[in-house]
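Novice: predicted model, plus sequence, below.
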Amino acid sequence: MRRVANRFLIGFVAAGLAVGGLLTAQVKTSDPKTMQIREIGKELKCQCGCAYTVADCNMLYCHFRDPVNMDISEMLDSGMGPGAILNALLTKYGKELSTEPPPEGFGAVGWVMPFVMLALGLLAAPFVVQRWRKNQITADAAGVGTVDPETMKRLEAEIERDLSQFD
């Protein structure tokens, strides 16, 4: 039994090393151009109907991703930088290709609104807490949740009487 366990452990470790070696080899064999294409593609939304970026679209023979990657590759070969490539692609395909809203016009709302809502929440928090405390003090003063001793004795007597019927 112990031999089987040792063989299993050795096989498991060997398989783990093999998979790790393959993954390391995959990462090391990626050429810099492919990595640049992926980095630029992460800034662009795929227009094939998926919810991914051009770099992450997993549709086989995607009608949008493949031509855009070809455009990026050609622009890299011509010596353009990543910023210029992004601007050229946004000009060619439209602003909706960008993964982030533009910092002007209605897109500015997308950048500002989270901070505005955070500020409003921080301003409203003390008033909400104050109201909760006021309601708690009012409930305690009104005696909500307390039962007078006579009612409690009467209820206990009823419970005892009902329990004695089951015996």
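Specialist: It's in. Just so it is clear, the model here is predicted, and its values are computed rather than measured.
Novice: so in the chain, which helix runs the longest?
Specialist: Ranked by residue count, the top helix of the chain under DSSP state H comes out as helix 107-142.
Novice: any idea which helix or strand comes after that helix?
Specialist: Later in the chain than helix 107-142, the nearest helix or strand by DSSP states H and E is helix 149-166.
Novice: phi and psi next, for residue 53.
Specialist: Phi and psi for residue 53, reported as degrees, to the nearest 10, are phi -80, psi 170.
Novice: near it, how many other residues are there?
Specialist: By other Cβ atoms under 10 Å, the residues close to residue 53 number 18. Yep, even glycine has a C-beta here, placed from its N, CA and C like the rest.
Novice: which ones are touching it?
Specialist: Counting by Cβ atoms under 8 Å, 6 or more residues apart in numbering, residue 53 makes contact with 41, 42, 43, 44, 45, 46, 99.
Novice: and the fourth one, what does it touch?
Specialist: Taking Cβ under 8 Å, 6+ apart, we find residue 44 in contact with 53, 54, 55, 68, 86, 89, 97, 98, 99.
Novice: cool, and the last one?
Specialist: With Cβ under 8 Å, 6+ apart as the criterion, the residues that contact residue 99 are 42, 43, 44, 45, 53.
Novice: dump those into CSV; add pLDDT and distance to residue 63 as well.
Specialist: Shown next, in CSV, are those (pLDDT from 0 to 100; distance: Cβ to Cβ, whole Å):
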residue, pLDDT, distance to residue 63
42, 91, 20
43, 89, 20
44, 90, 15
45, 90, 14
53, 90, 16
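Novice: other residues contacting the helix or strand in which residue 34 is found?
Specialist: Element membership of residue 34 [criterion: DSSP H and E] is helix 32-41. Helix 32-41 is contacted from outside by 53-56, 65, 68-69, 72-73, 76, 82, 85-86, using Cβ under 8 Å, 6+ apart.
Novice: let's see that with 7 Å instead.
Specialist: Helix 32-41 has contacts (Cβ atoms under 7 Å, 6 or more residues apart in numbering) with 53, 54, 55, 69, 72, 73, 76, 82, 85, 86.
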